[in-house]
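Visitor: no FASTA, just this:
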């Protein structure tokens, strides 16, 4: 479904973010993000002169190389266009991401390492989509490979799946969790089942005994 029809307007600014995930021949994974900002009008910049419509004000890229556990083993950033000549000098600082794992608490650690004057606002903003792309790249491939080897997934090993309560769709009391992970479902039906079978024997309402 598209957005509702807009009021009369004219375009002014476009930000584009593209992220891609790759599996490397050495078994690691490259996750890359590219960010550009363009205007629909010409304007003057003290460091670059006139920036024409469609010419990037920001043109920046980030590559995170991760292992199967989503631990960053290498990080590289580049700035090809920026409003100030000093902007590209901070790119090497993004190597500080090496050693971090993309798991709960990751964003907080990124801010501690690269927030404020320690980094670049736009490259830091790009880390979030790149991290999400890393999960989307690795999870389905590794899951299929585990299943092919006959290995149990986390939920089959008695561990709560990380997706639960990660968003509205995966709410622990929602229909999707009830269907996919009924043992972790906390909705009204789960409470009703517990009341009907308080000792967990599964015999309530069967007429047995």
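Guide: Everything's here; your move. None of the values given here were measured: they were computed from a predicted structure. Numbers count the residues shown, from 1 in each chain.

Visitor: alpha carbons only for contacts and neighbour counts from here, please
Guide: Will do.

Visitor: For the most centrally placed residue in the chain, pull up the helix or strand it's in.
Guide: The centroid of the chain falls nearest to residue 132 when counting by C-alpha atoms, centre = their mean (1.6 Å). Using DSSP states H and E, the element containing residue 132 is helix 121-148.

Visitor: by contact count, what packs against that helix?
Guide: Packing partners of helix 121-148 (3 or more C-alpha pairs under 8 Å, 6 or more residues apart in numbering; DSSP states H and E): strand 13-23, strand 29-39, strand 58-66, helix 106-114.

Visitor: ok, now with 7 Å
Guide: Counting contacts by 3 or more C-alpha pairs under 7 Å, 6 or more residues apart in numbering; DSSP states H and E, helix 121-148 is packed against strand 13-23, strand 29-39.

Visitor: Where does pLDDT dip in the chain?
Guide: Along the chain, the parts satisfying pLDDT under 70 run over 152-157, 190-209.

Visitor: Kindly compare burial across the helices and strands packed on helix 121-148 and name the winner.
Guide: Among these, strand 29-39 has the highest mean neighbour count (mean count of other C-alpha atoms under 10 Å), at a mean of 21.

Visitor: Just after that strand, pick out the following helix or strand.
Guide: That would be, after strand 29-39 and using DSSP H and E, strand 43-45.

Visitor: Strand partners (parallel or antiparallel) of that next one?
Guide: Partners of strand 43-45 in the sheet, by DSSP bridges, are strand 49-51 (antiparallel).

Visitor: buried ones in the strand it pairs with?
Guide: residue 51 (16 or more other C-alpha atoms under 10 Å).

Visitor: neighbouring contacts of it?
Guide: When contacts are defined by C-alpha atoms under 7 Å, 6 or more residues apart in numbering, strand 49-51 is touched by residues 42, 43, 44, 45.

Visitor: For the last one, list each beta-bridge partner.
Guide: To tie it back to what came earlier, the one meant is residue 45. Assigned bridge partners for residue 45, using DSSP bridges, are residue 49.

Visitor: Settle this for me: residue 100 is touching residue 69, isn't it.
Guide: No: between residue 100 and residue 69 there is no contact under C-alpha atoms under 7 Å: 10.6 Å.

Visitor: Could you check which of those two is surrounded by more residues?
Guide: Shown here are residue 100 and residue 69; by other C-alpha atoms under 10 Å, residue 100 has more neighbours (17 against 12).

Visitor: Now do the contacts for that one.
Guide: With C-alpha under 7 Å, 6+ apart, residue 100 has these contacts: 71, 72.

Visitor: Can you give the contact residues for stretch 178-190?
Guide: Residues outside stretch 178-190 that contact it (C-alpha under 7 Å, 6+ apart): 172, 173, 174, 177.

Visitor: related to what we said a few turns ago, from the chain's centre, how far out does the helix holding residue 132 sit?
Guide: 6 Å (C-alpha atoms, centre = their mean, to the nearest Å).

Visitor: Just want the angle from that helix to strand 29-39.
Guide: Helix 121-148 and strand 29-39 are oriented at 150 degrees to each other (axes from the mean of the first three to the mean of the last three C-alpha atoms, to 10 degrees).

Visitor: what comes up buried for helix 121-148?
Guide: In helix 121-148, counting by 16+ other C-alpha under 10 Å, buried: 123-124, 126-131, 133-135, 137-138.
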